[in-house]
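Asker: Any chance you can model this:
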Amino acid sequence: MKHTKQIQTLTAALLAALLLASCARDEATYGTGVPEQPTEITTAASVSDPLATDALTADVSTTAPSTTTTSDPSAPAATATPLPDGVAEQYALADLFEKKVNRIVLQSGITGAQYTALDKDIERIADFFRPVKGIAPHSARGYYGYLCSFTLYRGPIQVGHFYLTPNGGFGTGHYETVNGHDYAILYHASGRTSDEMWSFVGDFFPAEFTTTADPHNSDYHETTVNHVWGTAQNWDEISPTTDGFDYSTLTLPDYRTTNPVRYMGVDNRGMQTDGWQDFGLSGELRTTPQPMGSTYLYQTYSYFIRNDLTHLYPNDTLPATPKELAEWLTEIGESGRRALWYSMGSLPQSVELTAFEELTAEGGAVIGKATYRLNGESWVVYLLCEENTASAFAILPNDAGDYVIAFTDGIAKSFRPKTGG
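Answerer: Down below sits the predicted model:
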């Protein structure tokens, strides 16, 4: 009996040592993500890394971020230690939505899939989170994983950020820096229940969350609506440029309204498929070649269709060939030359054409495929030149895999004279 008790004591000690080693290894491996402060900053942040630093960058091609936690971040901090400077005892998410916002990027903490919210979606998100208030602030140190992050933008300027923890709390701002690692502020949330938050996020990422979202409801969102078609807003602030052009004078149409997807079919699960959109003066692209939500590819890129580029360059004569146009778009020192990039949410300080080739569409038209390095990001732009104008189908990959580009090459090659009404 005494021998058995000694073995039990030794086993418990070994398990405790392994647990401590595991926790230390987890912290060294995953680090922590640090949202930007919930105040305005002057540089645009990457939407592919909502938690900002260390090893929690969402890599949707490999391992999804974990949504487990090492302890309960909803529990009030059991300490009377004064809070660090800048950390409020209470924090209302309504304060974030007092700022002028014309884009919110959501990122799932389960797969890294992204959804860009515009227009009515922004209002819907703001209305949902205005009642949410945080209390009992404590450090995010030791807590890993998140349900969904929300990064708020005004034009290219990030104006706020927060993320939901799996049990109904939220993180934002900066609490402390330990051994070179920055840790966010975690708050215990009131105003919305955990179930309400899971259901709300599930409307945007229904393939990943248990949700009662109804696909026939107008508020329903497919995961694949990750694609971004454009904005109707003029930005109140833009990054300074050296070409002397005031980009805020450009009136951009609501590209999503003027060029919606026309679905020609429904699969055996009732999901829309065979979707086409206008491209060029009288053509169309099959932008939804597979059923929405049926393939992982739709989570890995965003796309932008810009028809008749003369509305972006009213004072210029556009080049007559795709190759000439591809090079012309890199000349950002020329007044107004950044207009195409501006319409897609960027005012780059550098644009490099890294590759160009010509693709032959199924109908015989020649489509230029231009690969750019844009402020450190890789873009692919498919160009069609016709009758003194041009059109662009631009891809911003969230994943650098060749299969993404091969898939969008197929979309470009689907170009044909418009047949659907």
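Asker: CA atoms for contacts and neighbours, from now on please.
Answerer: Noted.
Asker: Residue 301 against residue 401, yeah?
Answerer: No. Using C-alpha atoms under 8 Å as the test, residue 301 is too far from residue 401 to be in contact (10.5 Å).
Asker: between those two, who's got more neighbours?
Answerer: Between residue 301 and residue 401, residue 301 has the larger neighbour count (other C-alpha atoms under 10 Å), namely 21 against 11.
Asker: ok, which stretches of the protein are helices?
Answerer: Using DSSP state H, the helices assigned to the chain run over residues 2-30, 120-129, 194-204, 255-258, 322-328, 339-343, 402-413.
Asker: Least reliable of those by average pLDDT, please.
Answerer: Note on those: helix 2-30 shows the lowest mean pLDDT, a mean of 37.
Asker: Can you name the residues bridging to residue 370?
Answerer: residue 356, residue 381 (DSSP bridges).
Asker: Any idea how many residues pack against it?
Answerer: Neighbours of residue 370 (other C-alpha under 10 Å): 22.
Asker: Local confidence estimate at it?
Answerer: For residue 370, the predicted pLDDT is 98.
Asker: The stretch 151-300 of the chain: strands as residue ranges?
Answerer: Counting by DSSP state E, counting those that start in this stretch, one finds strands in the stretch 151-300 of the chain at the ranges 157-164, 170-178, 181-190, 262-266, 272-279, 283-288.
Asker: Nearest to residue 252 among those would be which one?
Answerer: Residue 252 lies closest to strand 272-279 among these, at 17.2 Å (C-alpha to C-alpha).
Asker: quick one, the closest one and strand 262-266 angle?
Answerer: If you take axes from the mean of the first three to the mean of the last three C-alpha atoms, to 10 degrees, strand 272-279 sits at 160 degrees to strand 262-266.
Asker: quick one, what contacts residue 393?
Answerer: By C-alpha atoms under 8 Å, 6 or more residues apart in numbering, residue 393 lies in contact with 279, 303-306, 381-383, 412.
Asker: Most neighbours among those, which one?
Answerer: residue 412 (28 neighbours).
Asker: That one against residue 363, yeah?
Answerer: No. Residue 412 is not in contact with residue 363 according to C-alpha under 8 Å; the separation is 11.1 Å.
Asker: returning to what we had before: would you mind giving the contacts of residue 393 as TSV with distance to residue 312 added?
Answerer: Shown next, in TSV, are the contacts of residue 393 (distance: C-alpha to C-alpha, whole Å):
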residue	distance to residue 312
279	16
303	18
304	14
305	13
306	9
381	16
382	17
383	15
412	22
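Asker: for those, which one is nearest residue 349?
Answerer: residue 381 (17.9 Å).
Asker: And the closest one, how close does it get to residue 356?
Answerer: Residue 381 is 10 Å from residue 356, where distance means C-alpha to C-alpha, to the nearest Å.
Asker: Can you work out which residues contact both of the two?
Answerer: 368-371.
Asker: Counting neighbours, which bits of stretch 406-421 end up buried?
Answerer: Across stretch 406-421, burial judged by 16 or more other C-alpha atoms under 10 Å covers 408-416, 418.
Asker: what does it contact?
Answerer: For stretch 406-421, contacts defined as C-alpha under 8 Å, 6+ apart pick out 262, 276, 278-279, 282-287, 289, 359-363, 365, 367, 382, 393, 395.
Asker: roughly how far is that stretch from the heart of the chain?
Answerer: 25 Å (C-alpha atoms, centre = their mean, to the nearest Å).
Asker: again with stretch 394-407
Answerer: Centroid separation between stretch 394-407 and its chain, computed with C-alpha atoms, centre = their mean, is 15 Å.
Asker: Need the CA coordinates for it. PDB is fine.
Answerer: Extracted C-alpha coordinates of stretch 394-407, given in PDB (Å, rounded to 0.1, in the frame of the first residue of the first chain):
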ATOM      1  CA  ALA A 394      -7.900  41.800 -59.900                       C
ATOM      2  CA  ILE A 395      -7.000  39.100 -57.400                       C
ATOM      3  CA  LEU A 396      -5.600  39.600 -53.900                       C
ATOM      4  CA  PRO A 397      -4.600  36.100 -52.700                       C
ATOM      5  CA  ASN A 398      -4.900  35.500 -49.000                       C
ATOM      6  CA  ASP A 399      -2.900  32.300 -49.700                       C
ATOM      7  CA  ALA A 400       0.200  32.200 -52.000                       C
ATOM      8  CA  GLY A 401      -0.500  28.700 -53.200                       C
ATOM      9  CA  ASP A 402      -0.200  28.100 -56.900                       C
ATOM     10  CA  TYR A 403      -3.600  26.400 -56.900                       C
ATOM     11  CA  VAL A 404      -5.300  29.700 -56.100                       C
ATOM     12  CA  ILE A 405      -3.800  31.400 -59.100                       C
ATOM     13  CA  ALA A 406      -4.600  28.300 -61.300                       C
ATOM     14  CA  PHE A 407      -8.200  28.600 -60.200                       C
END
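Asker: All set, thanks.
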